[in-house]
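Visitor: heads up, no residue letters with this:
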């Protein structure tokens, strides 16, 4: 089985996000970038499938600027076998990404696509679902457990009410949640090995996809600063405040 | 925890790539398979493990020092998995050959990786550092069989190492070592004696502990010439190379320290509880010479560790001073106005700037020394290797002693920035100071470093080491003359260099005339002088890069970064470098104040 893992280069989760002065977006110049943490979990799961003998090859794909190759290298250092880079400067929206991934899937023929459930920069949580729709494949989103057996995938999903377990037919899209695994660190020997693994370079036009954004960003602004808290004297006062001020009960 | 809270990723990249051209090392055959991306990959992994696995238990390890329970050491449970992550990622073998499973990383880049662990948790990292240093020594002098048996498991992080030199009566004076070794009739040796101050001497963190132990053969001459070096494992190896039966290295006690409390420090009884077997390393009588291979390396790492503790303290004090509101600016008239943030007070900015100059200059100087190791070991040109070796020889005591003294000053200022809170255990700066207080003491006290510099290093190869260093400093001073803004610093650096060379010559003269005790009575002042010069040199090198970057149009946060470099340089040239005049006068006058003080007058 071949597993495809899309990985996105995003502002590092430790960076304090700053909005650009003109309100057109967030500051990314000279800001530390790294792999979307949910995608790291997807890579880890794919590598574990390979180590367990359930998968033969793990391919990491990224759509983004030249530096997205660094993100692919990270995936290769974690254990992916090779990379595909579709070079595109500027914003890409989930639908364009899904269309490009569909083209990659048709070319590569994986039986499983493991994606992060969302990217931490735009929090869209759409790409995996759109890709499933475009391909007409089964999908299991927000996976906290994944077992591959008997030509299918058993996916435990984190849903509002608790956990839901579903059985998918392969090929399928599985989007992964935080509790699925703890990603490994890229070890030094694997960083050296990753250097020799191939990355195929493409442009969106190679796949006949126009990634121009269809949405217009009107304005980006910081959320209002949090107000300081207060200490209440009694439970009665707390209940009173929850009723009259917070209006939540 | 945000990594920026303890160290600056931007600054490490600056030092490695803009100041030291780390990528230039890939010219050497040994590093040919490397490039920016492998360096960045290694650093990224180091940063993550340090911040995710090491930093979180730094305080806990300090508050819960290792305990001796029923003859065994108990350590908080977070330490072992942190070191396992360190091992799995390959950091025990970062610098080792590919054939041995290493990454063959330049020493410069390996040290930059270690900087993260030092800033995050020096007590836990010490086990790693001791092991890396011990395995480097085995790599240099052990037989292939010994390498396979002891070094390979150390590279894999399964065995840890120690340097077992000191004894209760022989700390700085190793010639007084009494532990003896006798042939055991099986081709090995049987050791008997006792060791003191052995860091990592016992713990439950690895399968085995490999002590590199100095001992005296029965018929050996007295003093340091009679010392040989032995490989002494805690557990004798079984046929498969795994840990077998106990080897007579008994834990007699733990020392209770003010800092570095996560690292066990042990009193060991050798061969008292049962026979203790050891293997001779290299030739008999060469023990101290071999040990110095490890010791010199350890000394530059001590300098680096000091600077990283200064760095961690600086970053914390900076974050605090940016948020904490207290007092009003000098000259403010309105008592009802909201208090100013600490950083708005000039005296707080002075203390932060001092810390920045020491921490960033210390990082640059330590990695500069590390790069000399790479050139010395890997450059194909014999003259380049020789020159790098000489510069490293003279820089080593300066990196160790000057940085560990100044880094402590920096930690002191970090506590001062936080005021009363800095004095409490609710904030990390007091621990950084306590941890750092070891660094002027171990791996040769700073007094010994000063004597080494003023007595031996300035005179070695007929002043060749000093000349080699001076040529490099002079080149920086000359480069600065091309910039209108930097030329005054270039001149000041050139003047201070001439002063140091003059003082060094005068010290040699004093040694010939009044004798070595007078020559070395003010070695400490000479060390300080050499240190101020070296730190100023590093800052001027950084300023040259910064001026260039600003000229070609760095903007925003990048421009601020470079302006900060220029300003740290200004601080050092304004505050520290002028002190060399007074220090030179003291040294050159053959001052006898300390010598003439009679014991009975105290």
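Guide: Nice, I can see it. None of the values given here were measured: they were computed from a predicted structure.
Visitor: for chain A, which spans come out with low pLDDT?
Guide: Regions of chain A meeting the criterion pLDDT under 70 are absent.
Visitor: interface residues of it facing chain B?
Guide: A:14, A:29-30, A:32, A:34, A:70, A:73-74, A:77, A:184-189, A:191-192, A:194-195 (CB under 8 Å from any CB of the partner chain). Any C-beta I mention is one placed from the backbone N, CA and C, and that applies to glycine too.
Visitor: ok, which stretches of chain A are strands?
Guide: Ranges of strands within chain A are A:2-6, A:9-11, A:33-35, A:57-64, A:82-87, A:112-116, A:138-149, A:152-159, A:162-169, A:172-176, A:199-202, based on DSSP state E.
Visitor: so which of the ones you listed comes closest to residue B:576?
Guide: Residue B:576 lies closest, by CB to CB, to one member of the strands of chain A: strand A:33-35, at 37.5 Å.
Visitor: contact partners of the closest one?
Guide: A:7-13, A:43, A:67, A:70-71, A:74-75, B:44 (CB atoms under 8 Å, 6 or more residues apart in numbering or on different chains).
Visitor: one more pass at 7 Å, please.
Guide: Here strand A:33-35 makes contact (CB atoms under 7 Å, 6 or more residues apart in numbering or on different chains) with A:7, A:9, A:10, A:11, A:12, A:67, A:71, A:74.
Visitor: how many neighbours does the residue in chain A that chain B sits nearest to have?
Guide: In chain A, no residue comes nearer to chain B than residue A:188, which is 3.5 Å away by CB to the nearest CB. Counted by other CB atoms under 10 Å in any protein chain shown, the residues lying close to residue A:188 total 29.
Visitor: which elements pack onto the lengthiest helix in chain B?
Guide: In terms of residue count, the longest helix belonging to chain B (DSSP state H) is helix B:287-323. Helix B:287-323 makes packing contacts with helix B:107-120, helix B:122-141, strand B:227-233, helix B:346-378, helix B:382-397, helix B:403-418, helix B:429-436 when contacts are defined by 3 or more CB pairs under 7 Å, 6 or more residues apart in numbering or on different chains; DSSP states H and E.
Visitor: can you tell which of these is closest to chain A?
Guide: Smallest distance to chain A across the helices and strands packed on helix B:287-323 (CB to the nearest CB): 8.8 Å, for helix B:107-120.
Visitor: how far out from the middle of the chain is that closest one?
Guide: Put simply, helix B:107-120 sits 11 Å off its chain's centre (CA atoms, centre = their mean, to the nearest Å).
Visitor: list the contacts of residue A:183.
Guide: Residues near residue A:183 by CB under 7 Å, 6+ apart: A:40, A:41, A:43, A:44, A:78.
Visitor: gap between it and residue B:317?
Guide: Here residue A:183 is placed at a distance of 33 Å from residue B:317 (CB to CB, to the nearest Å).
Visitor: and what of residue B:528?
Guide: Taken as CB to CB, the span from residue B:528 to residue B:317 is 24 Å.
Visitor: who has more neighbours out of the two?
Guide: Taking other CB under 10 Å, residue B:528 and residue B:317 do not tie; residue B:317 has more neighbours (29 against 24).
Visitor: which residues are in contact with the more buried one?
Guide: Residues near residue B:317 by CB under 7 Å, 6+ apart: B:352, B:355, B:414, B:417, B:418, B:429.
Visitor: mind redoing it with 6 Å?
Guide: By CB atoms under 6 Å, 6 or more residues apart in numbering or on different chains, the contact set of residue B:317 is B:414, B:417.
Visitor: that older thread, buried ones among the residues of chain A next to chain B?
Guide: Buried members of the residues of chain A next to chain B, counted by 16 or more other CB atoms under 10 Å in any protein chain shown: A:34, A:70, A:73-74, A:77, A:184-189, A:191-192, A:194-195.
Visitor: now for those residues: which two are most distant?
Guide: For those, with distances taken as CB to CB, the pair at the greatest spread is A:34 and A:189 (20.8 Å).
Visitor: which bits of the stretch 51-200 of chain B sit near chain A?
Guide: The stretch 51-200 of chain B comes close to chain A at residues B:89, B:90, B:94, B:103, as judged by CB under 6 Å from any CB of the partner chain.
Visitor: what sits opposite the residue most central in space within chain A in the beta ladder?
Guide: By CA atoms, centre = their mean, chain A has its centre lying nearest to residue A:116, at 3.1 Å. For residue A:116, the beta-bridge partners are residue A:176 (DSSP bridges).
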